[in-house]
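1. everything below, folded, please.
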Amino acid sequence: MTDVTPLTPRLLALAARAAELLQAQRETIGVCEGAAGGLISAALLSVPGASNYFHGGGVIYTLAASRAFIAGAVKPPDNLRGASEPWALHLARSAVVKLGANWGIGEGGAAGPTGNRYGDPAGHAWVAVAGAREVTRRVLTGDQDRVRNMAAFAEAALQLLVETLEADAAEA
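-> Numbers count the residues shown, from 1 in each chain. Predicted structure coming up:
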């Protein structure tokens, strides 16, 4: 087992910047995450005043969770599979619809120590942001450590959110 605190200083700094941007724009966020295991939501909730911008989040780690929490939110793409770009985008879109948020984060991957049933290696994930614009990013850590990968996936998702919110604000 790793000796890493999942809520890293970088993760907390990214959450603080995302919170600042969301509050400045009077916008809200919802989260549907998988392999990050709740770290994206935990980081966003660590910022005082989170109730002003955080509408909620869920760990969509299994098909049962998907059916229970996001079924019917948006039509899934054909041949959808977990830990893929379409899956992450589907989760982000579902977070927006289900939680009534301006923005959604979606994340799905293989935290490790082994890969997933689709053949993706440990340390592989896709993160997505949906809202006024939609963006995705692939994450490949090359690491088999589960906790470090969970933190890396959460950081990548919040980094993508910050970049998207900054671009959105610059165009406003």
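
2. from the chain's centroid, how far away is the longest helix seen in the chain?
-> Counting residues, the longest helix in the chain under DSSP state H turns out to be helix 146-171. The chain centroid and the centroid of helix 146-171 are separated by 8 Å under CA atoms, centre = their mean, to the nearest Å.

3. identify each buried residue in that helix, please.
-> Of the residues in helix 146-171, 146-162, 164-165, 168 count as buried by neighbour count, 16 or more other CB atoms under 10 Å. In short, each C-beta sits where N, CA and C put it, glycine included.

4. try stretch 47-58
-> Neighbour-count burial for stretch 47-58, counted by 16+ other CB under 10 Å, picks out Val47, Ala50, Tyr53, Phe54, His55, Gly56, Gly57, Gly58.

5. now it - C-alpha only, CSV.
-> What follows is stretch 47-58 as a C-alpha-only set of coordinates in CSV (Å, rounded to 0.1, in the frame of the first residue of the first chain):
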residue,chain,number,x,y,z
VAL,A,47,-13.1,24.6,-0.2
PRO,A,48,-15.2,26.8,2.2
GLY,A,49,-18.4,27.9,0.5
ALA,A,50,-18.8,24.8,-1.6
SER,A,51,-22.6,24.9,-1.2
ASN,A,52,-22.5,28.0,-3.5
TYR,A,53,-21.2,26.0,-6.5
PHE,A,54,-21.2,22.2,-5.8
HIS,A,55,-24.5,20.6,-6.7
GLY,A,56,-23.4,17.0,-5.9
GLY,A,57,-21.5,14.1,-7.1
GLY,A,58,-21.5,10.3,-7.3
